[in-house]
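J.: coords please:
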Amino acid sequence: MFRYLRFGSLPPMHHIAHYSSDNQLLNEYCFTRQGFEDCYSILYFHNPPTQEAEADIYIDAAWSRANKRENSILQRRHFQSHRFVSGGGYIFGRKILAFNEKLSYGLCHPEIEERSFFSNNDADELFFLQEGEIELQSLFGKLSLVVGDYFIVPRSCPYRFNFSKKPKLIFVEANKGMGIPLEFMNSKGQFTMDAPYCERSFKTPEWDSELFEPDNPTTIIRKRENQYTRTFYSKNYFKMSGWDGFVYPFAINLKDIQPKTGRVHLPPSSHLTFSGEGFAVMSFLPRVLDFDDQAVPCPFYHSSVNCDELLLYVSGAFTSRKGIDKGSISFHPSGIPHGPHPGAYQESLGKNKTDEQAVMVDTFDPLFLTVEGEYLEDSDYPNSWRK
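T.: Residues are numbered from 1 along each chain as shown. You can find the predicted model right below:
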């Protein structure tokens, strides 16, 4: 949602009659943000988007109704995400690890393909693809996604995952919205030259003739206020002549984000990638380390007194951690200091580069851990700072 896109056949201006090649009057559909005050896209449908044939309650998706742990000890934690076996698809095969009023954070490890589409009216959704490949089909076209891709699906956009190999993802539901940090864009909407990426860095949807042109019936499962409704359409909901606008899913790979380095160690906020109300997303990437002769490359001990931190370890050797592997997720809550494991601070002296990749979500309101995620924890992790 950072540049204008246009596909297919469109009329010369908004809100005027537009006809298909067989002289059918098409239905203009406005997909907006913040009422009518923010970005929008306009699509031209063959069938009105209001022609539901049938609807029922969808009971299989219970992942968003997470149970808060009570009397939880304040300590550093380690989730071993590889232990999560969903047994389901991309809609109901999810697990929430932590949440607050602004967001939910969890795992999505689909094991079967679901043909229904999903529309989340509660939140924008951010995914990070750890393993596998996905073709994302959505209201706005298709995106081919590979390991290392972030992708964002805007609120209420119907989509589904197609895959031949079981993928593994983390996801964030941003209840108050999310996107490109404003400080990375100038007053005209172009990325600034010191932003960690540019317009060329992103993947945007391609026209999906297999979705937009046939007459197949469609099923969409919609989430609103943590309730799920399955809606059936006897005609193809997505059949259209074209669309244009600024609202659509988009993706970027870790390798296309430019890391920052400094004379001495930079704080995590230097690696900002996305932001939303109440949280920020940072990407730690292979880079040259601090270049002062006396610099300590390892992260310093710190108390982020109003931030809870969730960190997914993606690949490489992690300078500050031991006993951590690909797919590990550390949770370091505010209220107790955190930092490198014993020995890591000293061992980092003299190192001049790192090959690590990691994805961090910092929240500015406390996170509640879920009962459902408790079995994924490494019980020895809180003791690993004892020499």
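J.: for Arg83, phi and psi?
T.: The phi and psi values for Arg83, taken as degrees, to the nearest 10, are phi -80, psi -10.
J.: and the closest residue to it other than its chain neighbours, what are its phi and psi?
T.: Distance criterion C-beta to C-beta, 6 or more residues apart in numbering; nearest residue to Arg83, sequence neighbours excluded, is Leu376 at 5.3 Å. No exception for glycine: its C-beta is placed from N, CA and C like everyone else's. Here is the backbone geometry of Leu376 (degrees, to the nearest 10): phi -90, psi 0.
J.: pretty sure Leu376 contacts Ile96?
T.: No. When contacts are counted by C-beta atoms under 8 Å, Leu376 is not listed as touching Ile96 (11.5 Å).
J.: tell me which of the two has more neighbours.
T.: Ranked by neighbour count (other C-beta atoms under 10 Å), Leu376 and Ile96 place Ile96 first, with 21 against 18.
J.: for that one, list each beta-bridge partner.
T.: Ile96 has these beta-bridge partners by DSSP bridges: Gly106.
J.: that one and Leu310, how far apart?
T.: Using C-beta to C-beta, to the nearest Å, we find Ile96 at a distance of 12 Å from Leu310.
J.: now do the shared contacts for those two.
T.: Listed as contacting both Ile96 and Leu310 by C-beta atoms under 8 Å, 6 or more residues apart in numbering are Tyr105.
J.: where's Glu111 relative to Asp325, distance?
T.: 21 Å.
J.: helix or strand for Asp362, which one?
T.: Element membership for Asp362 (DSSP states H and E) is strand 357-363.
J.: what lines up beside that strand in the sheet?
T.: By DSSP bridges, strand 357-363 pairs with strand 279-284 (antiparallel), strand 308-315 (antiparallel).
J.: tell me the spatial nearest neighbour of the spatially most central residue of the chain, not counting adjacent residues.
T.: In the chain, the C-alpha nearest the mean C-alpha coordinate belongs to Leu126, at 1.5 Å (C-alpha atoms, centre = their mean). By the measure of C-beta to C-beta, 6+ apart, the closest residue to Leu126 outside its immediate chain neighbours is Val172, 4.4 Å from it.
J.: can you report how many residues lie near the one you found?
T.: 27.
J.: Gly278 now?
T.: Neighbours around Gly278, by other C-beta under 10 Å: 17.
J.: gap between it and Asn383?
T.: Taken as C-beta to C-beta, the span from Gly278 to Asn383 is 31 Å.
J.: with Ser86 instead?
T.: The value you get for Ser86 to Asn383, if C-beta to C-beta is used, is 30 Å.
J.: of these two, who's got more company?
T.: Ser86 (19 against 9).
J.: and that one, what's its pLDDT?
T.: On pLDDT, Ser86 comes in at 88.
J.: wait, what's in contact with it?
T.: Contacts of Ser86 (C-beta under 8 Å, 6+ apart): 93-95, 107-111.
J.: which of those count as buried?
T.: Neighbour-count burial (16 or more other C-beta atoms under 10 Å) is assigned, among these, to 93-95, 107-110.
J.: any chance of those residues in CSV, with pLDDT and distance to Ile180 too?
T.: Shown next, in CSV, are these (pLDDT from 0 to 100; distance: C-beta to C-beta, whole Å):
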residue, pLDDT, distance to Ile180
Gly93, 89, 29
Arg94, 94, 25
Lys95, 95, 28
Leu107, 97, 25
Cys108, 97, 23
His109, 96, 28
Pro110, 95, 27
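J.: if anything else comes up later, I'll come back, but that's it for now.
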